[in-house]
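**Q** Predicted model, plus sequence, below.
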Amino acid sequence: HGLTELMHRLTSALAVAVAALAAAGAARAASGDVLVIDRGNVSALADGDVWMVAFVAPWCGHCKRLAPLWSQYAARAKRDGVKVAKVDGDANADVAARFGVRGFPTMFHVRAGGAEVRRYEGTRSVDAFAAFANGGYKDTAPLSFTKNPMSAVGRAFGAVTYLGFQLKQAQEYFVHEQGIPLLFVAIGGFVALLVVSLVVALLLVACLSLFDASPRTAPA
């Protein structure tokens with residue numbers, strides 16, 4: 001029973017991770033003009049618009065002081081065609097890890113469909129935010145392709161990170177709530193991961209087979 005439930009959790013986590021890579025959910029409004037980004041709609045940052053995104057945490061005093069300024073800036077940014085959002089880095093720790101967040105608050109400027117992501121390290125004022133988003137960002141080098149959270153590498157890292165967080169939660173559930181020895185949980189998780197990997201591999205082989213079976217033009 002424990003192995004079956006663990007496999008179910010792994011499969012569900014993998015399905016959510018894959019869906020997050022393919023789907024582009026819309027950012028939803030928080031309070032006022034600040035939008036909310038989470039693991040389910042982080043791909044909205046690649047919609048081609050200009051974004052300013054703040055990673056915050058509910059326990060962070062600096063984040064609480066930033067909140068009214070961020071709301072004021074969001075109202076002003078609408079006139080400049082800039083979308084302003086926030087991410088709860090506690091509830092979406094996998095997204096924070098994908099962006100390389102090491103502390104709160106951490107802010108980013110995203111443009112060109114996610115091809116250019118820059119970390120904002122200026123002063124925390126409405127005027128400074130606006131100046132950076134409206135052209136000041138050019139003085140800051142964008143994150144490299146391998147560190148860009150919106151690149152193919154970043155999306156893959158995000159999916160793996162999310163799966164890792166789900167595995168950790170599953171381990172804590174079976175060990176602390178169900179009382180299953182850690183060794184058995186580890187073995188069960190390894191077997192479940194092998195099964196999931198095999199299913200993914202079979203799906204990839206099936207897709208490649210369909211591609212190879214597509215009609216081709218005979219050489220003249």
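**A** Okay, I see it.
**Q** Do you have the strands of the chain handy? List them.
**A** Ranges of strands in the chain, per DSSP state E, are 28-29, 35-36, 50-56, 82-88, 106-111, 116-120.
**Q** could you check the angle strand 106-111 makes with the fourth one?
**A** For the pair strand 82-88 and strand 106-111, the angle between their directions (axes from the mean of the first three to the mean of the last three C-alpha atoms, to 10 degrees) equals 140 degrees.
**Q** CA-only coordinates of strand 82-88 in CSV, if you can.
**A** Listed in CSV are the C-alpha atoms of strand 82-88, where the atom choice follows Å, rounded to 0.1, in the frame of the first residue of the first chain:
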residue,chain,number,x,y,z
VAL,A,82,5.0,46.9,-17.5
LYS,A,83,3.4,44.1,-15.6
VAL,A,84,4.2,43.9,-11.9
ALA,A,85,4.0,40.6,-10.0
LYS,A,86,5.0,38.8,-6.8
VAL,A,87,5.9,35.2,-6.0
ASP,A,88,5.5,33.7,-2.5
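**Q** who touches it?
**A** Judged by C-beta atoms under 8 Å, 6 or more residues apart in numbering, the contacts made with strand 82-88 from elsewhere in the structure are 27, 30, 33-38, 42, 45, 49-58, 70, 73-74, 77, 95-96, 133-134. The C-beta positions use only the backbone N, C-alpha and C, and glycine is treated the same way.
**Q** So among those residues, which ones count as buried?
**A** The neighbour-count criterion (16 or more other C-beta atoms under 10 Å) marks 27, 30, 33-35, 37-38, 42, 45, 50-57, 70, 73-74, 77, 95-96, 133 among the contacts of strand 82-88 as buried.
**Q** ok, now which ones touch the residue nearest in space to the middle of the chain?
**A** Using C-alpha atoms, centre = their mean, the residue of the chain that lies closest to the mean C-alpha position is residue 95, 3.6 Å off. By C-beta under 8 Å, 6+ apart, the contact set of residue 95 is 37-39, 42, 87, 89, 158.
**Q** if we go to 7 Å?
**A** 38-39, 42, 87, 158 (C-beta atoms under 7 Å, 6 or more residues apart in numbering).
**Q** Over to residue 137?
**A** In this structure, residue 137 makes contact with 109, 118, judged by C-beta under 7 Å, 6+ apart.
**Q** tell me the pLDDT at it?
**A** At residue 137, the pLDDT value in this model is 97.
**Q** ok, now how distant is it from residue 130?
**A** The gap separating residue 137 from residue 130 is 11 Å, by C-beta to C-beta, to the nearest Å.
**Q** For the closest residue to residue 80 other than its chain neighbours, give me the pLDDT.
**A** The spatially closest residue to residue 80, leaving aside those adjacent along the chain, is residue 134, at 5.7 Å (C-beta to C-beta, 6 or more residues apart in numbering). The model reports residue 134 with a pLDDT of 96.
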